[in-house]
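**Student:** sharing a sequence plus its predicted fold:
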Amino acid sequence: MATTTKPKSRIAPFVSHEEATVSMFREDPELAAEYLNQVLADGDRKELLLAMRYLASAFGGVAGVAAATKLNARTLYRTLSAAGNPELDTFTALLKAMGMRITVAPIKSPAKPTRRRVAERAA
């Protein structure tokens, strides 16, 4: 009597948050850009570097992005570490390799009262 064993599944029983995030960004570059814009608006440097690491993973990995930007992969790993501090040239090169760019927008603030609004409130 031959014993049979189940073939081992090659599918991981779970996907980590990081893997799921990277996969979403790879499949939806618009979502990746929106995520990065939110981090730029609300986050600090460490959050920005974490976001850039996620995006680098989604768009070819750090080694792939390094090759696309003609940057040294080891230097890029250090640049994107929690202690990293990328220069503007490096940051824009990374974004370009991922199909993105920096844009500038005014910060939305409460509207300043005008004479007309003040008069309407007083009435």
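**Tutor:** Received it, and whenever you're ready, just let me know what you need.

**Student:** which pLDDT does the model give the residue nearest to the spatial centre of the chain?
**Tutor:** When C-alpha atoms, centre = their mean is applied to the chain, the residue found nearest the centroid is Ala51 (3.6 Å). At Ala51, the predicted lDDT confidence score is 93.

**Student:** what helix or strand is it on?
**Tutor:** helix 45-58 (DSSP states H and E).

**Student:** what residues sit buried inside that helix?
**Tutor:** Residues of helix 45-58 classed as buried by neighbour count (16 or more other C-beta atoms under 10 Å): 48-58. From N, CA and C alone the C-beta is placed, and that goes for glycine too.

**Student:** hmm, who's touching that helix?
**Tutor:** For helix 45-58, contacts defined as C-beta atoms under 8 Å, 6 or more residues apart in numbering pick out 18, 21-23, 25-26, 32, 35-36, 39-40, 43, 62, 65, 76, 80-82, 84-86, 91, 94, 98.

**Student:** okay, and Val39 sits in which element?
**Tutor:** Take DSSP H and E as the rule and Val39 turns out to sit in helix 29-42.

**Student:** show me where pLDDT drops low in the protein?
**Tutor:** 1-9, 11-12, 110-119, 121-123 (pLDDT under 70).

**Student:** no further questions, thank you.
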